[in-house]
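>>> Turn this into a model:
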Amino acid sequence: MAISKVIIVGAGPSGLLLALLLARAGITVELLEMTDELDKNPRASHYTPESCLEFDRAGILDQVRDEGFSPNGVSWRKLDDKTRLVALYNPDPAPGQENEPPFRHRMVCLPLHRLGKILETAVLAQPSASILYGYKVVDHGQDVDKAWVEAETPSTAAGTTERREADYIVGCDGANSIVRRRLFGDWVFPGFTWDKQIVATNMYYDFSPYDYDDSQFFVHPDHWHMVAKIQTDGLCRVTYGEIGGLGFDELKARQPAKFQDVLPGNPTPEQYELVNFSPYKVHQRCAEKMRVGRFLLAADAAHLCNPFGGLGLTGGIADVGSLCDSLVGIHTGQADDSILDKYDEMRRKIWHDIINPQSSDNMRRLYEYSTPEEAMDKDPFFKMLKGLEDASKKTQAQKEDAEDSGPPNPGMYSLRYDMTQHYN
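Numbering: from 1, shown residues only. Sure, this is the predicted structure:
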């Protein structure tokens, strides 16, 4: 039976992408967002081939590429002398190969708020999609025929709500998801919170005198951090670890000294421009279920992990692709709604089997060894990367085909799960 409407709560990148994919498939979508505009805080900016595949399906990949850029690779480095421990490079396509594998879906970089604007414009261009800003969901309910949410809106009087109904309601409303909290309870989100904090900043600084790649991680027990170019005008993301338990003002006061310790040239504040400063706690958590009747969860509303390696954003976009195919299957009669149980099962399995262990290892390996040399000697991932780096150099030296020398993306493609295999 065709779906009459899907409500998505949360106009972050995952909610917007899901709305766009569903609308392009002919499903009526209503997107509810509690704020008055899209989030502009410094957040993720690198999109893996898996993510680019979903952008392609949504019809926005070319625009994302036009506004962003493809990074030249990633390296892991020593802090003291900034030398590379290991690196993986991203070869440029030859003329005419831009839309051929593996280049069509090669990694692209664009700040998340700019991706959000692309998605918002594309969603609003769909006749079957709408975005309702200023709608704060406060309660929910469902019966055998439909689901609904109660929302405070710009037009409702204080203390009153407006009911919005749909066949299915999807929580894409982030780490503090009201949908998840109403389904399971405010404090029910299995997993743990790291005893370290992360500070994400956007900044301008002249890195040209230094031999930096577009992205690099620094291995150090105290000053572990990441530096990545995120815009072609030189805007960079610097994300660094901090001790836990500090408040915003304390972290902000420590920032100048931190930059002076970790950045090349040991700059003082007058030598760089700090654009955004955003500290946050880091979690490894996954909901008990991603389906409760007619309610579904996706992306950060369903699961969280630390940002190192991009598995959180990639996993959320992979959720969206799987959930879209599940709902489209129901809408077209190629699947019954039991496919949503399979969505729940497989997305949580991927988080537990891949995203959680790999992202945890990605963060720990930056600080858990006493020296970078010890990390290179003992860490299995660094050993693997060293082997890949050596193989890539050998391949390029032999001038093999560009497709064969494409950059490896360990663990990324495994985050996607094709739900169409469960169509009737």
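>>> and the residue nearest to Phe259 when sequence neighbours are not counted, helix, strand or coil?
Leaving aside its chain neighbours, Phe259 sits nearest to Pro267 (6.3 Å; criterion: CB to CB, 6 or more residues apart in numbering). Just so you know, the C-beta spots here come from the backbone N, C-alpha and C atoms, and that holds for glycine as well. Three-state call for Pro267 (DSSP: H, G, I helix; E, B strand; the rest coil): coil.
>>> State the pLDDT value of Pro267.
Here the pLDDT value assigned to Pro267 is 97.
>>> Val138 and Glu152 touch, don't they?
Yes - at 5.9 Å, Val138 counts as touching Glu152 under the criterion of CB atoms under 8 Å.
>>> neighbour count winner among the two?
Counted by other CB atoms under 10 Å, Val138 and Glu152 do not tie: Glu152 has more neighbours, with 19 against 12.
>>> Quick check: phi and psi at that one.
Main-chain dihedrals, Glu152, degrees, to the nearest 10: phi -80, psi 130.
>>> check contacts around the residue nearest to it when sequence neighbours are not counted.
Among residues not flanking Glu152 along the chain, Lys136 sits closest, at 4.5 Å (CB to CB, 6+ apart). By CB atoms under 8 Å, 6 or more residues apart in numbering, Lys136 lies in contact with Met34, Ala151, Glu152, Thr153.
>>> about what we covered before: between Val138 and Glu152, which contacts overlap?
With CB under 8 Å, 6+ apart, Val138 and Glu152 have common neighbours Thr161.
>>> Could I get the full set of strands for the stretch 301-424 of the chain?
303-304 (DSSP state E, counting those that start in this stretch).
>>> Can you list the low-confidence ranges for it?
Applying pLDDT under 70 to the stretch 301-424 of the chain flags residues 391-413.
>>> Could you report the distance from the spatially most central residue of the chain to Ile169?
Computing the C-alpha centroid of the chain and ranking residues by CA atoms, centre = their mean puts Leu313 first, at 1.4 Å. Leu313 sits 23 Å away from Ile169, going by CB to CB, to the nearest Å.
>>> repeat for Lys258
42 Å.
>>> Looking at these two, which has the bigger crowd around it?
Per other CB under 10 Å, whichever of Lys258 and Ile169 has more neighbours is Ile169, with 27 against 18.
>>> check contacts around the more buried one.
The contact partners of Ile169, taken as CB under 8 Å, 6+ apart, are 6-9, 140, 142, 147-149, 179, 294-296.
>>> Would you agree Val137 is in contact with Leu31?
No - using CB under 8 Å, Val137 is not in contact with Leu31; the gap is 11.8 Å.
>>> Give me the common contacts of these two.
Counting by CB under 8 Å, 6+ apart, nothing touches both Val137 and Leu31.
>>> more neighbours, the two?
Higher neighbour count among Val137 and Leu31: Leu31, with 28 against 24, using other CB under 10 Å.
>>> quick check, the more buried one in a helix?
No - per three-state DSSP, Leu31 lies outside any helix segment and is strand.
>>> in the longest helix seen in the chain, what's buried?
In the chain, taking DSSP state H as the definition, the longest helix is helix 311-332. Neighbour-count burial for helix 311-332 flags 311-331 (criterion: 16 or more other CB atoms under 10 Å).
>>> The helix or strand where Lys258 lies - contacts with which helices or strands?
Element membership for Lys258 (DSSP states H and E) is helix 248-262. Applying 3 or more CB pairs under 8 Å, 6 or more residues apart in numbering; DSSP states H and E, one finds that helix 248-262 contacts strand 191-204, strand 236-243, strand 273-286.
>>> contact partners of that helix?
Outside helix 248-262, the residues that touch it by CB under 8 Å, 6+ apart are 79, 197, 199, 201, 203, 218, 223, 225, 238, 240, 242, 246, 266-269, 272, 274, 277, 279.
>>> Which among those count as buried?
The neighbour-count test (16+ other CB under 10 Å) marks 79, 197, 199, 201, 203, 218, 223, 225, 238, 240, 242, 272, 274, 277, 279 as buried among the contacts of helix 248-262.
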